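A.B. asks: here are the coordinates; sequence isn't available:
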């Protein structure tokens, strides 16, 4: 974790100090120097580094240069949006990926397998923003069923800012507000982004579950179950499927990195005000203080998630011990 | 197709190498569906390379031209006789941009995979062979890089290279290097872990006893024994590289739009069109990405299936082909052979052992 933070810090400093990067063309050299001195970027790099670390320990990620928002506040509000999107996407990925992967493994090399594998490859090969664009074309431009972007209609979003306590997770806020039409509105906005991001992850799930299930189907205990005359359907469901899920849990943890990467693209596509959306805005504005804070936070989340997955794995699989 | 050649010539341990075109043996060891997937993928790749090379001949206009012979194309024109795929918001011909985009994508992929191999493989060899402090540090750094969302890493590096400002400096090279940083850790890991397991084998020890220098041992004795998975990894990385390039372009960190046609950038521009029901600006470059990535992935997966005995289908190939495959893949542990199956996630399983 410390290494991650360090890598990010020095990476960003290699680019140059944030003030020069964001204001370079616009200010005179003297003004620049003044600004840098005011922000403390002219001090030795290790002083800055230790100060930054101390700030992090207190949960202080700094303040954005461009819009002066505290990074911690950005993390909380926009992080909630990303979390919401990720949960929906994982849900879609599970609902699509697990049954399809199972079907493909069971009918290996026959028609269902071939079509499902083709689907998985296509879903994997399609960039999430292209899937998003197609979904927009179909469901909002042509059919007019679903909204093309945003997290809620303008009126609803304004109404929900006054909810107390505010969770920033729109659905929860809408439920707290107590208006069913608002909840529906929020859900309708979530469908397309969740589909776009979820299908991407579903492709990985399908491939993974298929391969694991095929390997499990070759084990001795599956053969033993078959020999006892257990129907094939039950062999798959009771004997093979559960054991095939174990490695899937491990990979799920790693999918979080993929999911967050995909979230940047999905959020930009659908103007979903999450972490990825603000991150790409700050990146384009060359606001490296904000970028550094957000990137650090994302790295920490990924590291934490993979640690959690290790723990879960140890609980699920008795052979893994620390 | 040098990828296939490498496996065939370097992987064979026991039986004497056969004469003839090497790829054919590999193809013969496939069958049915698998052969279809491999051939389909190869066909797409061939088409892609042909288009990339011949783009200037095939494209009706320049990729950045908004007029021909003094006649302005007009913006967002629907597909028609003059413009088969229509025109973009900027008034360029979509067909020309898609064709030239293939050229950009191919250049970037080839550069990115080549640089990753050249940097990642020797690092992995040295790190695995010598071990010690260097090994520890390199493993730590690659692990840290690995925990990053790959796209984010590529963005950060692309900003680093352009010094916080977009400069005309080799847009394509900059994009390739950004992508490289994402994939070097993968090659490093695979090569390092296999090197660690191979370096105590008797043949390495005997080489050492005969007085061979470390450099010779690493590249002549160890490398051929750790390189079996590299073609699969390189193929799969190539497909991810296209996606990363498109992602960079989509977010506005890729190649300058005036320097080369890039599918991701075009898709970004097409996003607003989609809301208004204008489909041709986005669908064509998008389909191009999907086709190429799917083609490359199919080849990578087929290679993986063929080379990995754990996944081979029953009754596949002739008996000699089977023996070859076992000889090729015999040294691999299942986790290493499975690299392709979980896209960018799987190599981490290596670390568990």
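C.D. replies: Nice, thanks for sending it over. Note that this is a predicted model, so its numbers are computed, not measured. Numbers count the residues shown, from 1 in each chain, chains lettered A, B, ... in the order given.
A.B. asks: in the stretch 1-150 of chain B, what residue is nearest chain A?
C.D. replies: residue B:149 (3.4 Å; CB to the nearest CB). Quick note: C-beta positions are derived from backbone N, CA and C, even for glycine.
A.B. asks: just the pLDDT for that residue.
C.D. replies: Here the pLDDT value assigned to residue B:149 is 73.
A.B. asks: how deep is the nearest residue to it once chain neighbours are set aside tucked in, by neighbour count?
C.D. replies: Among residues not flanking residue B:149 along the chain, residue A:261 sits closest, at 3.4 Å (CB to CB, 6 or more residues apart in numbering or on different chains). Counted with other CB atoms under 10 Å in any protein chain shown, the neighbours of residue A:261 add up to 26.
A.B. asks: count the neighbours of residue 293 for me.
C.D. replies: Just going to use chain A. 28.
A.B. asks: wrong chain, I was asking about chain B
C.D. replies: Neighbour tally, residue B:293, other CB under 10 Å: 25.
A.B. asks: wait, a strand at it?
C.D. replies: No - applying DSSP: H, G, I helix; E, B strand; the rest coil, one finds residue B:293 to be helix, outside a strand.
A.B. asks: doesn't residue B:244 make contact with it?
C.D. replies: No - using CB atoms under 8 Å, residue B:293 makes no contact with residue B:244, being 10.7 Å away.
A.B. asks: pretty sure residue B:134 contacts residue B:128?
C.D. replies: No - using CB under 8 Å, residue B:134 is not in contact with residue B:128, being 10.5 Å away.
A.B. asks: so these two - more neighbours on which side?
C.D. replies: Taking neighbours as other CB under 10 Å, residue B:134 and residue B:128 compare with residue B:128 leading, 25 against 12.
A.B. asks: contact partners for that one?
C.D. replies: Contact analysis of residue B:128 by CB atoms under 8 Å, 6 or more residues apart in numbering or on different chains lists B:135, B:191, B:192, B:193, B:194, B:195, B:196, B:199.
A.B. asks: turn these into CSV, columns for pLDDT and neighbour count.
C.D. replies: What follows is the contacts of residue B:128, written out as CSV (pLDDT from 0 to 100; neighbours: other CB atoms under 10 Å in any protein chain shown):
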residue, pLDDT, neighbour count
B:135, 85, 17
B:191, 85, 27
B:192, 86, 25
B:193, 84, 22
B:194, 84, 26
B:195, 84, 24
B:196, 83, 17
B:199, 78, 21
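A.B. asks: looking at those, which one is closest to residue B:92?
C.D. replies: The closest of those to residue B:92 turns out to be residue B:191 (CB to CB; 43.1 Å).
A.B. asks: which of the helices and strands in chain A ranks last by mean pLDDT?
C.D. replies: Ranked by mean pLDDT, DSSP states H and E, the weakest helix or strand in chain A is helix A:18-23, scoring a mean of 54.
A.B. asks: ok, which stretches of the stretch 101-250 of chain B are helices?
C.D. replies: With helices called from DSSP state H, counting those that start in this stretch, the stretch 101-250 of chain B shows them at B:132-146, B:150-161, B:171-198, B:202-209, B:214-216, B:223-226, B:230-251.
A.B. asks: so which of these comes closest to residue B:268?
C.D. replies: Closest approach to residue B:268 among the helices of the stretch 101-250 of chain B (CB to CB): helix B:230-251, 4.7 Å.
A.B. asks: could you point out which element follows the closest one?
C.D. replies: Downstream of helix B:230-251, the first helix or strand assigned by DSSP states H and E is helix B:263-275.
A.B. asks: now that following helix: buried residues?
C.D. replies: B:263, B:264, B:265, B:266, B:267, B:268, B:269, B:270, B:271, B:273, B:274 (16 or more other CB atoms under 10 Å in any protein chain shown).
A.B. asks: can you narrow those residues down to the ones near chain A?
C.D. replies: By CB under 8 Å from any CB of the partner chain, the members of those lying near chain A are B:264, B:267, B:268, B:270, B:271, B:274.
A.B. asks: among those residues, which one lies nearest to chain A?
C.D. replies: residue B:274 (4.7 Å).
A.B. asks: single out the most deeply packed of the helices of the stretch 101-250 of chain B.
C.D. replies: helix B:230-251 (a mean of 26; mean count of other CB atoms under 10 Å in any protein chain shown).
A.B. asks: what's that helix packed up against?
C.D. replies: Helices and strands touching helix B:230-251, by 3 or more CB pairs under 8 Å, 6 or more residues apart in numbering or on different chains; DSSP states H and E, are helix A:241-270, helix A:275-284, helix B:2-11, helix B:94-130, helix B:150-161, helix B:171-198, helix B:263-275, helix B:280-307.
A.B. asks: mean pLDDT lowest for which of those helices?
C.D. replies: With a mean of 41, helix B:2-11 has the lowest mean pLDDT of those.
A.B. asks: near chain B, anything from the helix or strand hosting residue A:290?
C.D. replies: Residue A:290 belongs to helix A:288-316 when assigned by DSSP H and E. Yes - counting by CB under 8 Å from any CB, contacts between helix A:288-316 and chain B involve A:288, A:291, A:295, A:298, A:299, A:302, A:303, A:306.
A.B. asks: and the helices of the stretch 101-250 of chain B: which comes nearest residue A:226?
C.D. replies: helix B:230-251 (32.2 Å).
A.B. asks: tell me the angle of the closest one relative to helix B:263-275?
C.D. replies: On the basis of axes from the mean of the first three to the mean of the last three CA atoms, to 10 degrees, helix B:230-251 is oriented at 50 degrees to helix B:263-275.
A.B. asks: what's the average pLDDT for helix B:230-251?
C.D. replies: 83.
A.B. asks: now stretch A:123-138: buried residues?
C.D. replies: Those would be A:123-137, for stretch A:123-138 by 16+ other CB under 10 Å.
A.B. asks: now narrow those residues to whatever sits close to chain B.
C.D. replies: By CB under 8 Å from any CB, the members of the buried residues of stretch A:123-138 lying near chain B are A:124, A:125, A:126, A:127, A:129, A:130, A:133, A:134, A:136, A:137.
A.B. asks: how about the residues you listed in TSV, adding secondary structure and pLDDT?
C.D. replies: What follows is those, written out as TSV (DSSP: H, G, I helix; E, B strand; the rest coil; pLDDT from 0 to 100):
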residue	secondary structure	pLDDT
A:124	helix	79
A:125	helix	79
A:126	coil	80
A:127	coil	82
A:129	helix	83
A:130	helix	83
A:133	helix	82
A:134	helix	82
A:136	helix	80
A:137	helix	78
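A.B. asks: show me which of those residues is closest to residue B:174.
C.D. replies: Closest approach between these and residue B:174, by CB to CB: residue A:127, at 20.1 Å.
A.B. asks: residues contacting the closest one?
C.D. replies: Residues near residue A:127 by CB under 8 Å, 6+ apart: A:265, B:243, B:246, B:247, B:250, B:264, B:267, B:286, B:289, B:290.
A.B. asks: ok, now with 7 Å
C.D. replies: Counting by CB atoms under 7 Å, 6 or more residues apart in numbering or on different chains, residue A:127 touches B:243, B:246, B:247, B:289.
A.B. asks: which two in those residues are spaced the farthest apart?
C.D. replies: Maximum pairwise distance in the contacts of residue A:127, criterion CB to CB, is 10.2 Å, between B:247 and B:289.
A.B. asks: and the contacts of stretch A:87-100?
C.D. replies: A:116, A:190, A:194-195, A:197-199, A:201-202, A:205-206, A:209, A:259.
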